[in-house]
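> Need coordinates for the below:
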Amino acid sequence: MPIHLDPSPLDSGPQGNTAKRKGPPLKEGFITSARNAPTSGKEVITVIPVFNGEAYLQATLDSLALQTRKPDRVLILDDASTDKTYELVKHFQGIRCEWHPSPTNLGLFPNLNRALEKACESDFFHLLLADDLVAPDFLEVSCRALEQTRPMSFSWSDIQWIDARGNHTRYRLRDEKRASNKSNRKEFMIRESELNTVSVGSVMIKTGKRHLPCSFHTDLPQVADCVFYGELASYANELIHIPRPLCKIRTHATNMTHQNMQSLKAWVTDEWVAMQSVASLIPESPIYRWIRRQKLKCLFAARSLVKEQWVRKEQPDYAARIRKAARVRSSFPHYQAGRAAVRLRDLFKGSKQPLQ
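Numbers count the residues shown, from 1 in each chain. Have a look, this model is predicted:
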């Protein structure tokens, strides 16, 4: 039972620090003195896993404080931060927050699994990384989209990419306020198998105060989200797409992707593991499953070539290791087909296109 003190004195950022946290004593479950507006109907909670989030967590909390439908609870799951995350949350007045610290650093996905354990405490469950933002009507629109569905169902919105300063990158999406629509489960799982995943902060899960049927695979530090949402879809009653850019995903030099780029397993070969894992869940005949496997081999080879291109100039040895890993896992015909597809893309669109 958390201790409630009222009033009282999370990209989730870099991970992997195994040292014990520094700073003030741990106070499990303290609640800040800000008051949330009362709501009626189903309960909504937002859980924010964070490690050393002082650079971006303020903006994330501000985006929750501006919601037209306030969350009933905001839980901060601190992963033994060593910066000023504690002080930031303690003094934040925009919305009431609960503090749940870990005495030692667990790592990103173990802390995300810790967050998933909270799903049964509400009717609607929202997981938000400590460096991402949501539009003011995200919670209202997401809950409304799921209103007539049965637990376990989930919705997801489109996203907008931003940089460390909050500026839009890649391209800017216009919000045309289009209506939500029911999504085909098989098509969703196919996209996840191709690593075209939804973003964590864009998803709302209608749990009906039930435990989630799956969790993040902690041995896949770069692509665990693809597998998780593929597995979740296999259990879900309904999947709802909200075709509006209601979530902003921040890219910066301290997030996990930048760290994982130096790990051949995490950045490259785990992708093939994730592809196979999700593809095995797709309901289809053996012949279509075989065809899908051939397509995924080509896609894996193509994605590996793009990564090889990114590092070739400064890390030629690493590029060679990526090339070898792709050839071993995709076989010669698929390897050549995937590389040919990338070269055609580069010919018409240029070689700096993001991975899709």
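
> the strands in the stretch 201-350 of the chain, which residues?
Under the criterion DSSP state E, counting those that start in this stretch, the stretch 201-350 of the chain carries strands at the ranges 203-206, 239-250.

> so what secondary structure elements neighbour the shortest one?
What that stands for is strand 203-206. For strand 203-206, the contact count by 3 or more C-beta pairs under 8 Å, 6 or more residues apart in numbering; DSSP states H and E identifies strand 124-127, helix 138-145, strand 153-162 as packing neighbours. Where you see a C-beta, it was placed from the backbone N, CA and C, and this is true even at glycine.

> how about these in TSV, adding distance to Gln315 and mean neighbour count?
Rendered in TSV, the data for those read as follows (distance: least, C-beta to C-beta, whole Å; neighbours: other C-beta atoms under 10 Å):
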stretch	distance to Gln315	mean neighbour count
strand 124-127	34	25
helix 138-145	39	22
strand 153-162	25	22
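
> Go through those and name the closest to Trp310.
Between Trp310 and the helices and strands packed on strand 203-206, the shortest gap by C-beta to C-beta is with strand 153-162, which sits at 17.2 Å.

> Reformat the strands of the stretch 201-350 of the chain as a markdown table; add mean pLDDT and mean neighbour count.
Formatted as a markdown table, the entries for these read as follows, by pLDDT from 0 to 100; neighbours: other C-beta atoms under 10 Å:
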| stretch | mean pLDDT | mean neighbour count |
| --- | --- | --- |
| strand 203-206 | 98 | 25 |
| strand 239-250 | 97 | 21 |
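
> Quick one: closest of those strands to Val141.
Judged by C-beta to C-beta, the one of these that comes nearest to Val141 is strand 239-250, at 6.1 Å.

> which other helices and strands contact the closest one?
For strand 239-250, the helices and strands in contact under the criterion 3+ C-beta pairs under 8 Å, 6+ apart are strand 133-134, helix 138-145, strand 153-162, strand 181-183.

> What ranges does the stretch 1-150 of the chain have for its strands?
Ranges of strands in the stretch 1-150 of the chain, per DSSP E, counting those that start in this stretch, are 30-31, 44-50, 73-78, 98-101, 124-127, 133-134.

> if we can go back for a sec, distance to Arg327 for the helices and strands packed on strand 203-206 - can I get that in a markdown table?
Supplementary listing: the helices and strands packed on strand 203-206 in a markdown table, determined by distance: least, C-beta to C-beta, whole Å:
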| stretch | distance to Arg327 |
| --- | --- |
| strand 124-127 | 37 |
| helix 138-145 | 43 |
| strand 153-162 | 31 |
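
> low pLDDT regions in the stretch 51-200 of the chain?
In the predicted model, the stretch 51-200 of the chain carries no residue with pLDDT under 70.

> If we use 90, what do you get?
Segments of the stretch 51-200 of the chain classed as low confidence (criterion: pLDDT under 90) are 168-174.

> before we move on, back to that, can you check which of the helices and strands packed on strand 203-206 gets nearest to His252?
Using C-beta to C-beta as the criterion, the shortest distance between His252 and the helices and strands packed on strand 203-206 is 9.4 Å, found for strand 153-162.

> Work out the gap between the closest one and the centre of the chain.
Relative to the centre of its chain, strand 153-162 is centred 10 Å away, using C-alpha atoms, centre = their mean, to the nearest Å.

> Show residues contacting it.
Residues from elsewhere that reach strand 153-162, judged by C-beta atoms under 8 Å, 6 or more residues apart in numbering: 133, 138, 141-142, 145-146, 168-170, 172-173, 180, 198-199, 202-206, 232, 236-251.
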